[in-house]
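K.L.:
Attaching a predicted model along with its sequence, questions to come.
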Number of protein chains: 2
Amino acid sequence: MKAGWFLSLVAFAGLHTSAAGGALFPSALAQVPPPPSGETMSTGAILADSPDSDWRPLDPRNTLYIEFPEGRVIIEMAESYAPRHVANVRSLSGEGYFLGGAVTRVQDNFVAQWAQAASSPRRPIRGEERLPAEFTQPRSDALTFTPLPDPDTFAPEVGFSDGFAAARDGDETWLTHCYGVVGVGRETDRDSGGGTELYAVIGHAPRHLDRNLTVLGRVVQGIELLSSLPRGTADMSFYATRDEYARFTNMALAANVPEEERTPLEVLRTDSATWDKLVNHRRWRKDDFYTVPAGRIGVCNLQAPVRPAQ
Amino acid sequence: MKAGWFLSLVAFAGLHTSAAGGALFPSALAQVPPPPSGETMSTGAILADSPDSDWRPLDPRNTLYIEFPEGRVIIEMAESYAPRHVANVRSLSGEGYFLGGAVTRVQDNFVAQWAQAASSPRRPIRGEERLPAEFTQPRSDALTFTPLPDPDTFAPEVGFSDGFAAARDGDETWLTHCYGVVGVGRETDRDSGGGTELYAVIGHAPRHLDRNLTVLGRVVQGIELLSSLPRGTADMSFYATRDEYARFTNMALAANVPEEERTPLEVLRTDSATWDKLVNHRRWRKDDFYTVPAGRIGVCNLQAPVRPAQ
């Protein structure tokens, strides 16, 4: 009996039983780093201290601009996690598919969704309308992964991969649906998305979407242009009339925009010492105002900072 | 050596080391209920099935109405968790302190904050400007608590208490900062809040506020009137000018509003069988669209449903 108990504890400490009731997550066993000594530093102070080598420029081939009258929403696409969808969105935007598009659905505490706004939707010319789902990727050493040791509700292991919040379970890895994440809208059929409709998360992380939708990337600037839109009042919070649409002139690939019209940005590398420091100072935040540090941070509580290219 | 290992595993399974690096949460050891058989039911279908006894009416003495030109925001106050602040907000609203107020700050993915909008702030007459903080309450059997066995990033134990998301650790209990939660603004001094300024969470749950701010209650209807406001552009996302303020005519206690002008609502009891069913069907959501159930749900992923009084 003792031996059996011993074994079950070993199993319990080392293994993860996927998607079954009562599965135990090894992440809960990991140690979080101890608090920094004294008061924690502000994000601004930490970033001001960071070496330029801890930042990387946005790649114009992986960057989308949505051009609203009020400003530009900038999306970084995650080519490693959705290679076929990223390539397809490049094609679609290259052929002008998103000219005269609009946000057609805004659901409070959930998503803002956009598409072309033609009354009879145009068909893509070179791009695909549908692609096989890219909900997860095989776990691979080619995908950088900085683990976050704090316990997560949904996945045995979470962390950050090239600036994106991510999770792993066994042989699978995927990007997690945090605030600002951009995903691929689809119909009921899992392979019915392609990138002709996209959505951005504008509320508390809907992690139940993880592994059920293809994540294309995340908004790195201008999310407030989506999150502050009026909520739709029709079914599923679509706008009830086309007059309510929040129209944009285009969603273009930065590489296709003249260089002088681009917004040159840099993202803090999530495999850098500055990122590790930032995570731990936010985890243990303690200053004149915050006197009880959480001692924990969630994978959706912190986003990789972005700054103008230096 | 074997004995030592045995002991450490026992300690590990049974204890929680509070707020220290590497603390282990017993919640991660709990079993979540198995999935319902077959496809999960929609929220609407589950609620349609619910007995009236699983619902309770909003108490007009614990209900606030913020009257915007676009509609009414309705807040349920959590008297058990912030008794002095709730009593004070009753007094303040009773003396007309919130007449001609405004949302003065909207920070994306964080909070909308409101106060009176007088250019020289009026002082309360019967109400208090400052009160001792009510960040936590002593754990007590008088506070109902329906535990959520799913692992939580921030607290060893989470659950629902009279319709509010809550957490417990040792002898302390508190309400957690989920989407829609209303808290008491303050200055740096922990005892500098009183209820003259309030905020609502409009983004991903900022759980680092837990135990650092007094939670007054939660928005049960109309959160979209706060969450879709333009974001402020001044320091801390306050509006840069008074012209930008989102003005309301009053924040009144429902008990002080003529009965025929009230909005009669009921809240699903979080100590009911219907709530348990709803939590588990959302945890294991599986239907034509969601083919990979999360098998987990977070304390901020589900709010107690509200319906018109029957």
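P.N.:
Structure received.
K.L.:
now the strands for the stretch 51-200 of chain A?
P.N.:
Assigned by DSSP state E, counting those that start in this stretch, the strands in the stretch 51-200 of chain A fall at A:55-57, A:63-68, A:71-77, A:101-106, A:111-116, A:137-138, A:146-148, A:157-161, A:164-169, A:172-175, A:181-184, A:198-201.
K.L.:
So which residues make contact with the shortest one?
P.N.:
For strand A:137-138, the external contacting residues (C-beta atoms under 8 Å, 6 or more residues apart in numbering or on different chains) are A:80, A:81, A:143, A:171, A:172, A:173, A:174. C-beta: built from backbone N, CA, C; applies to glycine.
K.L.:
Lowest pLDDT pick from the residues you listed?
P.N.:
Within these, residue A:143 has the lowest pLDDT, namely 92.
K.L.:
show me what contacts it?
P.N.:
Taking C-beta under 8 Å, 6+ apart, one finds A:80, A:81, A:137, A:161, A:162, A:166, A:173 in contact with residue A:143.
K.L.:
Would you tell me whether stretch A:234-248 gets close to chain B?
P.N.:
No: Stretch A:234-248 is not in contact with chain B by C-beta under 8 Å from any C-beta of the partner chain; minimum separation 9.4 Å.
K.L.:
Just the buried positions in that stretch, please.
P.N.:
A:237, A:238, A:239, A:244, A:245, A:246, A:248 (16 or more other C-beta atoms under 10 Å in any protein chain shown).
K.L.:
residues contacting the residue nearest the centre of chain A?
P.N.:
What sits nearest the mean C-alpha location of chain A, by C-alpha atoms, centre = their mean, is residue A:181, with 3.3 Å. For residue A:181, the contacting residues are A:165, A:175, A:200, A:201, A:215, A:217, A:218, A:219, by C-beta under 8 Å, 6+ apart.
K.L.:
Look at it and report its pLDDT.
P.N.:
99.
K.L.:
and what of residue A:103?
P.N.:
In this prediction, residue A:103 carries a pLDDT score of 98.
K.L.:
And for the one 10 residues further on?
P.N.:
According to the model's per-residue confidence, residue A:113 sits at a pLDDT of 98.
K.L.:
That one is in contact with residue A:182, isn't it?
P.N.:
No: assessed by C-beta atoms under 8 Å, residue A:113 is found out of contact with residue A:182, at 10.2 Å.
K.L.:
list residues touching both of these two?
P.N.:
Joint contacts of residue A:113 and residue A:182 (C-beta under 8 Å, 6+ apart) are A:198, A:199, A:200.
K.L.:
just to revisit the earlier point, ranking by neighbours, what's the top pick from the contacts of strand A:137-138?
P.N.:
residue A:174 (26 neighbours; other C-beta atoms under 10 Å in any protein chain shown).
K.L.:
Now do the contacts for it.
P.N.:
Residue A:174 makes contacts with A:81, A:135, A:136, A:137, A:166, A:167, A:210, A:211, A:215, as judged by C-beta under 8 Å, 6+ apart.
K.L.:
Specify the beta-bridge partners of the fifth one.
P.N.:
Spelled out, that is residue A:166. On the basis of DSSP bridges, residue A:166 is bridged to residue A:159, residue A:175.
K.L.:
if I look at it, how far off is chain B?
P.N.:
Distance from residue A:166 to chain B, counting by C-beta to the nearest C-beta, to the nearest Å: 16 Å.
K.L.:
isn't that residue right up against residue A:158?
P.N.:
Yes: shown here, residue A:166 and residue A:158 form a contact pair, counting by C-beta under 8 Å, at 6.9 Å.
K.L.:
contacting residues for residue A:62?
P.N.:
Counted by C-beta under 8 Å, 6+ apart, residue A:62 has contacts A:76, A:77, A:78, A:79, A:86, A:217.
K.L.:
Check the burial of the first one by counting its neighbours.
P.N.:
When you say that, I think you mean residue A:76. Neighbour tally, residue A:76, other C-beta under 10 Å: 25.
K.L.:
do the same with the fourth one
P.N.:
For residue A:79, the number of neighbouring residues by other C-beta under 10 Å comes to 18.
K.L.:
Tell me the confidence at residue A:39?
P.N.:
87.
K.L.:
Now do the same contact list for it.
P.N.:
With C-beta under 8 Å, 6+ apart, residue A:39 has these contacts: A:286, A:287, A:288.
K.L.:
which among these end up buried?
P.N.:
residue A:286.
K.L.:
Spit out the contact partners of residue A:297.
P.N.:
Counting by C-beta under 8 Å, 6+ apart, residue A:297 has contacts A:148, A:150, A:279, A:282, A:283, B:153, B:208.
K.L.:
cool, and residue A:179?
P.N.:
A:201, A:202, A:203, A:204, A:205, A:223, A:300, A:303, B:109, B:203, B:204.
K.L.:
Sort out which of those residues are in strands and list them.
P.N.:
Secondary structure assignment by DSSP state E places residue A:201 of these in strands.
K.L.:
and the contacts of residue A:179 as JSON lines, adding neighbour count and pLDDT?
P.N.:
Formatted as JSON lines, those follow (neighbours: other C-beta atoms under 10 Å in any protein chain shown; pLDDT from 0 to 100):
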{"residue": "A:201", "neighbour count": "30", "pLDDT": "98"}
{"residue": "A:202", "neighbour count": "30", "pLDDT": "98"}
{"residue": "A:203", "neighbour count": "22", "pLDDT": "98"}
{"residue": "A:204", "neighbour count": "24", "pLDDT": "98"}
{"residue": "A:205", "neighbour count": "27", "pLDDT": "98"}
{"residue": "A:223", "neighbour count": "25", "pLDDT": "98"}
{"residue": "A:300", "neighbour count": "23", "pLDDT": "98"}
{"residue": "A:303", "neighbour count": "23", "pLDDT": "98"}
{"residue": "B:109", "neighbour count": "21", "pLDDT": "98"}
{"residue": "B:203", "neighbour count": "22", "pLDDT": "98"}
{"residue": "B:204", "neighbour count": "25", "pLDDT": "98"}
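K.L.:
okay, how far is it across stretch A:297-310, tip to tip?
P.N.:
29 Å (C-alpha to C-alpha, to the nearest Å).
K.L.:
so how far is it off the chain centroid?
P.N.:
11 Å (C-alpha atoms, centre = their mean, to the nearest Å).
K.L.:
quick one: buried residues of it?
P.N.:
So, applying 16+ other C-beta under 10 Å, buried residues of stretch A:297-310: A:297, A:298, A:299, A:300, A:301, A:302, A:303, A:304, A:305, A:306.
K.L.:
can you check stretch A:284-297 too?
P.N.:
So, applying 16+ other C-beta under 10 Å, buried residues of stretch A:284-297: A:284, A:285, A:286, A:290, A:292, A:293, A:294, A:295, A:296, A:297.
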